[in-house]
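Engineer: coords below, sequence missing:
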């Protein structure tokens, strides 16, 4: 039956929760970078790299979530696939903040581990939704 709905409700819910978490994540990470700048000797070069990557993360996440939400609701495997590909870049950015940023505190580990869990769950649901759309 071609009129049956194939978009994934769990994926849509995860996109929604991830969108809310993104706002919290961005503000918390920004606050942590500013705190670290005050509390530690933070080289200016590294500060600008960390802040630039945080802004890139926010922009990429908004686009990635938009494409995912749109792809899921319109059952467009291309948009959902593009969102899935963008997740790879998002994973690298999260790993940067988890491992490679100038100072990594326990809160950074917690925030980025949660983000990586979102990416993992989303990716599994995206792949299954794409498979359903293609059938």
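Structural biologist: Okay, I see it. Note that this is a predicted model, so its numbers are computed, not measured.
Engineer: so who does the nearest residue to residue 42 once chain neighbours are set aside touch?
Structural biologist: Nearest non-adjacent residue to residue 42, counting by CB to CB, 6 or more residues apart in numbering: residue 36, 5.8 Å away. Heads up, the C-betas are built off the backbone N, CA and C, glycines and all. Shown in contact with residue 36 (CB atoms under 8 Å, 6 or more residues apart in numbering): 42, 102-103, 105.
Engineer: Now the two most distant members of the residues you listed.
Structural biologist: The most widely separated members of the contacts of residue 36, counting by CB to CB, are 42 and 105 (12.6 Å).
Engineer: what's the neighbour count on residue 59?
Structural biologist: Neighbour count of residue 59, defined by other CB atoms under 10 Å: 10.
Engineer: picking up where we left off before, if we take the contacts of residue 36, which one ends up nearest to residue 18?
Structural biologist: For those, the closest approach to residue 18 (CB to CB) belongs to residue 105, at 22.6 Å.
Engineer: ranges for the helices of this protein?
Structural biologist: Using DSSP state H, the helices of the chain run over 9-39, 44-74, 77-95, 106-134.
Engineer: Point out where this structure drops to low pLDDT.
Structural biologist: 1-3 (pLDDT under 70).
Engineer: now the closest residue to residue 47 other than its chain neighbours: how far from residue 20?
Structural biologist: Spatial nearest neighbour of residue 47, chain neighbours left out: residue 37 (5.9 Å); criterion: CB to CB, 6+ apart. Residue 37 is 27 Å from residue 20, where distance means CB to CB, to the nearest Å.
Engineer: more neighbours, those two?
Structural biologist: Taking other CB under 10 Å, residue 37 and residue 20 do not tie; residue 37 has more neighbours (17 against 9).
Engineer: Could you check which of residue 42 and residue 105 is surrounded by more residues?
Structural biologist: Ranked by neighbour count (other CB under 10 Å), residue 42 and residue 105 place residue 42 first, with 17 against 14.
Engineer: Residue 105 against residue 32, yeah?
Structural biologist: Yes. Applying CB atoms under 8 Å, one finds residue 105 in contact with residue 32, separated by 6.6 Å.
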